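Visitor: this is the structure alone, sequence omitted:
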């Protein structure tokens, strides 16, 4: 698979389809780091491991470069989804970006609990079946069962937060400057652990319809909070209600932004009188 | 920071006997943000507004809180009265201590008093943090556009022109008149269709303020109410117009009863329009004519009555009998809808002439008999309780008006709402010819199935509404809306903070947000006149770049913090 | 875990059309309501951002009610549809974390049925009384 990717990358540079290829390089002292390869000979040092997300980096690089400069990015499934979401939000110009997609293997899929371990544009490797995160017992403990017990589990996890902002910084979708999480109207400043309700829920809700389940937040968290799990029920709700999954279609914005005639809930009638307690007509 | 004046009203005890206003006064006077607190017995009686304005003026304060009844009680009235006295009422806020407090917590005066204190302090937070939206004046174009030159459109155009407004009248047909042009006899006096609107058409030709564009469609509409930039596409190319108001009189089309009663498969099963065609070409001879009402209407898909089909069947049934001596005419109906004295008389005329009426139920419709051509129809007569088979050589199906696809496309172009059947939506219930969008008016069958007399009346109404809109010379983005108390403000995006994500563009119900490219980024810009301050853009903005200055997030955040402050 | 009884604090965002007119109507009928709520009037339920609901809960509110116009009755061209969708999605998140989506009341109805709004506030208050306390979420340090 590495061979296929290298081949594709070389071709792109030789044919000048892009001015640079963003991927991982095994450099001096075998240190692995992100790199923009600009000549075919450099491609020999290209590697595909460990898992590294380039979506946000691609955005930053394209902003620095002149309009005519094009970038190719070597992406896994989650990275491609992140790029699609950034394209939707006008953060990346689709015309300036190419992807070289490769599939993750079964072990990686299990490690990430990933339901879609392959990009839609697959150039190397063969897709394996994804894993359903909602079938995992550890995940289920945080999503199902007695609400009181669940609350205790979440509080126990979230109160270890040291407000390093690693989750927000590593998330490929989070690009806002300024960010609400740094505004004292929304989140009390100078408090560790971060105010649990405001910090965690504001962050989680902002990603409700745009999280691509890449796991970057969880991997970045130094105290190991199960952040990806926090998003799962909202992703499920969007799939069930609107048949919507973030990161798949760059032309479909979140259904939550539109009225019921443009983005209906197929099979579900929306009552005229809405009473969430369920008592009104 | 400018201090705030608080005026508490006892409402002659209505508020005073539940809410402890004296303690409230003491508490508020200790707040450094408050300049003075005064308690009055009323704010709404003659002379009260002048007293209030005098007090405000004397203390030299710009921000006032009135703790009194609700907006819908008397506060809107009081604010208007104050405005007339010269107060800037944008910074006069009313807190509901009566309907919303004293009257619902009568048994808990302590709780009511705590609530009152918190609510007033929340309002103080709002006044301390609010900003003013920048207003922009609208140069009201003094011309109007009427789309559709049927009876409704002709009437609207004439109405506007009579008041001195230059009116552009557009129709996709080559001449004005709409559907009436092809009707040879109309109800109730059998005059030809064009006769009904002859006067209007003549006036259109005579009045130089009306310019008619035939075979023309609207290809684009940009701009906003008061200054619509319209592109017309006609046989001589494109025309650009700038108009202040638009009247939609685009009519409707008739449903084809495909698949119903053998239409399209069996001969001599026709629609009412086709019947009209036969009359016009002298091909309407028959021995018997059976008219079936409510075909494709008043069912679960289209649970509405199309208004004209009953009088239409009466007319055509009588005409069949007139033109074919000895012929029989039957009207199979679920109800005969002929409201008003003229149409009721028309119905009796048909009865006296010998038109026969048979009533059927919706869940047991008549069944057509015939293979290559119609031979009869079986109907269960609900009044006699007997099933009858009528021999007939002509079956006419009454189908309803449905929205015209061009009209639907226009609605999308102008971004106006349509009801669930696709007809233009009025502002129900008391603004029947206005839409939710300022400056756009609707009339005729495009709005709802009506006969031509109604269409003409609605056209006049739309013309009047449009004229009164065009007559507003000093309109601005903030005063544009008909909203009581005026529009709150308009949303504004901080260009430095905006990431260009486009959420606001997607969610705005008025398409008032646009993305503009600056350098290598996109930034959102709000078209102030279109914005109605609903706040949807603000609530979907990921980082608060979009704000409503009058109720910005700092204000809301502070209100939330003060909502449940301890009150001893 | 102790219950919220006696400590119920409801923050109500009411749109100034159906929401506030409904509340007004309740006042006119002298329907007795618990004094446990505070109202922030907004022009449209569409203005209520989920972050404000979250902030309210973080500031100690027991529950938040968003009162708007019935689906199809929003005078701002159905701006309440996205609002409803967004807030229902927020309820999902509140459910996941155990805080409980029941703490967010969504009441979108018709203005002249003010007794319905009044009933909603009374029922909501009662429901919140029975919920376990959120104190553990609000205490930061050990």
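Guide: Looks like it came in fine. Not measured: the values here are computed from a predicted model.
Visitor: ranges for the helices of chain C?
Guide: Taking DSSP state H, the helices of chain C run over residues C:18-28, C:50-58, C:80-96, C:114-129, C:135-138.
Visitor: so how far is the shortest one off the chain centroid?
Guide: The reference is to helix C:135-138. 20 Å (CA atoms, centre = their mean, to the nearest Å).
Visitor: do the third one as well
Guide: Relative to the centre of its chain, helix C:80-96 is centred 12 Å away, using CA atoms, centre = their mean.
Visitor: list the buried residues of it.
Guide: Residues C:80-96 are the ones in helix C:80-96 that count as buried (16 or more other CB atoms under 10 Å in any protein chain shown). C-beta here means a position set from N, CA and C on the backbone, and glycine is covered the same way.
Visitor: gap between the residue nearest to residue A:200 when sequence neighbours are not counted and residue A:227?
Guide: Excluding its sequence neighbours, the residue lying closest to residue A:200 (CB to CB, 6 or more residues apart in numbering or on different chains) is residue A:158, at 5.4 Å. Look at residue A:158 and residue A:227: by CB to CB, to the nearest Å, they are 10 Å apart.
Visitor: contacting residues for residue B:539?
Guide: Neighbour list for residue B:539: C:46, C:47, C:48, C:49, C:50, C:83, C:86 [criterion: CB atoms under 8 Å, 6 or more residues apart in numbering or on different chains].
Visitor: enumerate every residue touching residue B:287.
Guide: Residues near residue B:287 by CB under 8 Å, 6+ apart: B:324, B:326, B:327, B:328, B:392, B:393.
Visitor: same thing but 10 Å
Guide: B:320, B:324, B:326, B:327, B:328, B:391, B:392, B:393, B:394 (CB atoms under 10 Å, 6 or more residues apart in numbering or on different chains).
Visitor: which SS state does residue B:514 fall under?
Guide: Per DSSP: H, G, I helix; E, B strand; the rest coil, the secondary structure class of residue B:514 is strand.
Visitor: what strand or helix carries residue A:73?
Guide: Here residue A:73, judged by DSSP states H and E, is contained in strand A:71-75.
Visitor: I'd like to know which elements that strand is packed against.
Guide: When contacts are defined as 3 or more CB pairs under 10 Å, 6 or more residues apart in numbering or on different chains; DSSP states H and E, strand A:71-75 packs onto helix A:2-14, strand A:20-26, strand A:32-37, helix A:55-64, helix A:77-88, strand A:97-101.
Visitor: deepest-packed of those, please.
Guide: Among the helices and strands packed on strand A:71-75, helix A:77-88 has the highest mean neighbour count (mean count of other CB atoms under 10 Å in any protein chain shown), at a mean of 26.
Visitor: how about it and chain C, any contact?
Guide: No. Judged by CB under 10 Å from any CB of the partner chain, helix A:77-88 makes no contact with chain C; its nearest approach is 16.4 Å.
Visitor: from residue A:260, how far off is the residue in the stretch 201-350 of chain B that chain A sits nearest to?
Guide: Closest approach between the stretch 201-350 of chain B and chain A, counting by CB to the nearest CB: residue B:300, at 13.8 Å. To residue A:260, residue B:300 is 19 Å away according to CB to CB.
Visitor: so, low pLDDT: which residues of chain B?
Guide: The model of chain B has pLDDT under 70 over residues B:1, B:482-485.
Visitor: what's the closest non-adjacent residue to residue 27?
Guide: Since no chain was named, I'll use chain A. Residue A:27 sits nearest to residue A:33 (CB to CB, 6+ apart), 6.1 Å away.
Visitor: think we crossed wires, I meant chain C
Guide: residue B:99 (3.0 Å).
Visitor: pretty sure that neighbour sits against residue C:33.
Guide: No. Checked against CB atoms under 10 Å, the pair residue B:99 and residue C:33 is beyond contact range at 11.3 Å.
Visitor: which one's more surrounded, those two?
Guide: Shown here are residue B:99 and residue C:33; by other CB atoms under 10 Å in any protein chain shown, residue B:99 has more neighbours (27 against 24).
Visitor: now the more buried one. Its backbone dihedrals?
Guide: phi -60, psi -40 (degrees, to the nearest 10).
Visitor: tell me the bridge partners for residue C:39.
Guide: Beta-bridge partners for residue C:39, by DSSP bridges, are residue C:12.
Visitor: if I look at it, what pLDDT would I see?
Guide: You'll see residue C:39 listed with a pLDDT of 94.
Visitor: ok, it - contacts?
Guide: B:95-96, B:100-101, B:115, B:118-119, B:122, B:563, C:10-14, C:19-20, C:23, C:65, C:67.
Visitor: residue B:167: what secondary structure?
Guide: Taking three-state DSSP, the label given to residue B:167 is strand.
Visitor: ok, it touching residue B:249?
Guide: No. Residue B:167 is not in contact with residue B:249 according to CB under 10 Å; the separation is 11.7 Å.
Visitor: mutual contacts of these two, please.
Guide: With CB under 10 Å, 6+ apart as the test, residue B:167 and residue B:249 both reach B:146, B:153, B:156, B:157.
Visitor: among those, which ones are buried?
Guide: In the shared contacts of residue B:167 and residue B:249, the ones that pass as buried (16+ other CB under 10 Å) are B:146, B:153, B:156, B:157.
Visitor: just put those in CSV and tack on secondary structure and distance to chain C.
Guide: Below are these laid out as CSV (DSSP: H, G, I helix; E, B strand; the rest coil; distance: CB to the nearest CB, whole Å):
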residue, secondary structure, distance to chain C
B:146, strand, 23
B:153, helix, 25
B:156, helix, 24
B:157, helix, 28
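Visitor: are any of the contacts of residue B:539 buried, and which?
Guide: Neighbour-count burial within the contacts of residue B:539 applies to C:46, C:47, C:48, C:49, C:50, C:83, C:86; the criterion is 16+ other CB under 10 Å.
Visitor: which ones, among those residues, also lie beside chain A?
Guide: Answer for those near chain A (CB under 10 Å from any CB): C:49, C:50, C:83, C:86.
Visitor: tell me, how many residues neighbour the nearest residue in space to residue A:115 that is not next to it in sequence?
Guide: Computed as CB to CB, 6+ apart, the closest residue to residue A:115 that is not its neighbour in sequence is residue A:130, at 4.0 Å. Residue A:130: 18 surrounding residues under other CB under 10 Å.
Visitor: same deal with residue A:159?
Guide: 18.
Visitor: against residue A:157, how distant is the closest residue to it other than its chain neighbours?
Guide: Distance criterion CB to CB, 6+ apart; nearest residue to residue A:159, sequence neighbours excluded, is residue A:193 at 5.1 Å. Distance from residue A:193 to residue A:157, counting by CB to CB: 10 Å.
Visitor: residue B:8 too?
Guide: 49 Å.
Visitor: and residue C:17, by the same measure?
Guide: 42 Å.
Visitor: could you do residue B:232 as well?
Guide: Distance from residue B:232 to residue A:157, by CB to CB: 63 Å.
Visitor: list just the nearest of the shared contacts of residue B:167 and residue B:249 to residue B:43.
Guide: Residue B:43 has its nearest neighbour among the shared contacts of residue B:167 and residue B:249 in residue B:156, at 43.6 Å by CB to CB.
Visitor: contacting residues for that closest one?
Guide: B:144, B:146-149, B:167, B:169, B:200, B:247-249, B:433, B:441-444, B:455-456, B:458-467.
Visitor: out of everything not next to it in sequence, what's closest to residue 78?
Guide: You didn't pick a chain, so chain A it is. residue A:214 (3.6 Å).
Visitor: not what I meant, chain C
Guide: residue A:259 (4.2 Å).
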